[in-house]
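Visitor: This is the structure alone, sequence omitted:
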């Protein structure tokens, strides 16, 4: 027995051949090995509200969700999701036919693309994009077409969408637009004007839209989160994805959701049932209670992250980075060229030894690796003392 197969064909499906271990796993392992501060992977270092955690414990003890929950999600959570969309955005969804609970937003994205695409369909996504987008498009047999968000010409401003470039990217093979706002990793929040143009394009070219809005409660300064589904002509063609992990700081619970018209939800559920089937039973009841928290929770959460954004941004600027001030999410993108560097991947792999800090190179989120080469992402969803220590360590780069 040699342990080899009888075929010379590679074991890994060719659609996934370009995807190895995710950059997040690599950088988090590097943080552990070197004892560095991990500002790479986007997870908080403190838990969310105690009352939400206790709601999960109570569900476990009461035997709610310890067996398979209903396929679409427990009714309490679906009702809470619908109420949240109505309260925050004036969007009305039927909990029974227009809401689907998923194993985090990652499964929601994968199930949506697997359900709505045929092999050969083109999907337009904003580059840089979260790495699961590319993998999900590949698994569905689609072709990804990147439209690049580019740095604004003004010093500290963020990245912006070129609407003419977006229109030019649409072809007769385009099936779907994959939108992310607030945008990871750049922190861009699409404006009303940009969303209006996207909606008009989708209607004109009869495109479906999957919109990842997991950072909906993390918008700063003058930015405003506006769901694309609320724009004219979009209610019946948009799959909106949300998540509890980013809003309530329980990323390990893996509770996400889809809201959409009945036909779209039915299609997504058809794919989702053969992925995880169901997940996160007791946590679903806890998230239902979390979504009903008063506005004061969401306001305080946003204010806390705003203070952390400003703290880390100032520290990065002091360390010599060019900082692109994010309008949303809990990530800040920087340019390393003022430090005399140009290769973000090499820079991030060396950074733990040089400064005891881990970051993520944005190049892995680009098809055009050269376009993303000088950009590096840091997460600020950490305790203030950790961010202060990280900023101090990063100052070693120029000392």
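Guide: Received the coordinates, thanks. Model, not experiment: these values are computed from the prediction. Numbering: from 1, shown residues only.
Visitor: residue boundaries of the strands in the stretch 151-300 of the chain?
Guide: Using DSSP state E, counting those that start in this stretch, the strands found in the stretch 151-300 of the chain span residues 159-160, 174-180, 208-212, 238-243, 256-259.
Visitor: Can you say which of those strands is nearest to residue 341?
Guide: strand 159-160 (19.4 Å; CB to CB). Every C-beta, even on glycine, is put in place using the N, C-alpha and C of the backbone.
Visitor: so after the longest helix anywhere in the chain, what's the next helix or strand?
Guide: Identified as the longest helix of the chain according to DSSP state H is helix 295-318. Using DSSP states H and E, the helix or strand that follows helix 295-318 in sequence is strand 322-324.
Visitor: Other residues contacting the least confident helix or strand in the chain by mean pLDDT?
Guide: Of all regular secondary-structure elements in the chain, judged by mean pLDDT, DSSP states H and E, the least confident is helix 23-34 with a mean of 87. Helix 23-34 is touched from outside by 36-38, 40-41, 131, 348-349, 352-353, 356, 358-361, 364, with contacts defined as CB atoms under 8 Å, 6 or more residues apart in numbering.
Visitor: ok now whichever helix or strand comes after it, how far from the chain's centre?
Guide: Beyond helix 23-34 in the direction of the C-terminus, DSSP H and E gives the next helix or strand as strand 37-38. Relative to its parent chain, strand 37-38 has a centroid offset of 20 Å by CA atoms, centre = their mean, to the nearest Å.
Visitor: What pairs with strand 37-38, parallel or antiparallel?
Guide: Strand pairing for strand 37-38, determined by DSSP bridges: strand 357-358 (parallel).
Visitor: What are the contacting residues of the strand it pairs with?
Guide: 27-28, 30-31, 34, 36-40, 348, 351-352, 390, 393-394.
Visitor: quick check: mean pLDDT across that strand?
Guide: For strand 357-358, mean pLDDT is 96.
Visitor: And stretch 374-382, by the same measure?
Guide: Stretch 374-382 shows a mean pLDDT of 97.
Visitor: Look at that stretch and report the distance between its end residues.
Guide: Distance across stretch 374-382, first residue to last, is 24 Å (CA to CA, to the nearest Å).
Visitor: can you give me the helices in the chain?
Guide: Per DSSP H, the chain carries helices over the ranges 23-34, 50-61, 75-89, 104-116, 131-139, 163-169, 192-204, 244-248, 262-272, 281-291, 295-318, 344-355, 369-372, 384-394.
Visitor: For the longest helix of the chain, enumerate the helices and strands it packs against.
Guide: Of the remaining helices and strands, those touching helix 295-318 by 3 or more CB pairs under 8 Å, 6 or more residues apart in numbering; DSSP states H and E are strand 322-324, strand 331-335, helix 384-394.
Visitor: And the helices of the chain, which one averages the lowest pLDDT?
Guide: For the helices of the chain, the stretch scoring lowest in mean pLDDT is helix 23-34; its value is a mean of 87.
Visitor: Now do the buried residues in it.
Guide: Judged by neighbour count using 16 or more other CB atoms under 10 Å, the buried positions of helix 23-34 are 23, 24, 26, 27, 28, 30, 31.
Visitor: what angle separates that helix from helix 344-355?
Guide: Inter-element angle recorded for helix 23-34 and helix 344-355: 20 degrees (by axes from the mean of the first three to the mean of the last three CA atoms, to 10 degrees).
Visitor: pLDDT wise, what is residue 1 at?
Guide: What the model reports for residue 1 is a pLDDT of 44.
Visitor: again, but for the one 10 residues further on
Guide: Each residue has a pLDDT score; the one for residue 11 is 87.
Visitor: How many residues are close by it?
Guide: 6 (other CB atoms under 10 Å).
Visitor: before we move on, what about residue 172?
Guide: Residue 172: 6 surrounding residues under other CB under 10 Å.
Visitor: try residue 311
Guide: The burial metric for residue 311, expressed as a neighbour count using other CB under 10 Å, is 17.
Visitor: roughly how far apart are the closest residue to it other than its chain neighbours and residue 51?
Guide: Of all residues not flanking residue 311 in the chain, residue 387 sits nearest, at 5.2 Å (CB to CB, 6 or more residues apart in numbering). Distance, residue 387 to residue 51, using CB to CB, to the nearest Å: 26 Å.
Visitor: Could you do residue 200 as well?
Guide: Between residue 200 and residue 51 the distance, using CB to CB, works out to 43 Å.
Visitor: ditto for residue 236
Guide: With distances defined as CB to CB, the gap from residue 236 to residue 51 amounts to 37 Å.
Visitor: same deal with residue 176?
Guide: Summarising the geometry, the distance separating residue 176 from residue 51, computed by CB to CB, is 39 Å.
Visitor: Looking at these two, which is more packed in?
Guide: Neighbours were tallied for residue 176 and for residue 51 using other CB under 10 Å; the higher tally belongs to residue 176 (24 against 12).
Visitor: The closest residue in space to residue 143 that isn't next to it in sequence pairs with what?
Guide: Sequence neighbours aside, residue 122 is the residue nearest to residue 143 in space, at 4.9 Å (criterion: CB to CB, 6+ apart). Legend: beta-bridge partners of residue 122 under DSSP bridges are residue 143, residue 174.
Visitor: ok, now how distant is the residue nearest to residue 242 when sequence neighbours are not counted from residue 185?
Guide: Nearest non-adjacent residue to residue 242, counting by CB to CB, 6+ apart: residue 257, 5.2 Å away. For residue 257, the distance to residue 185 equals 23 Å [CB to CB].
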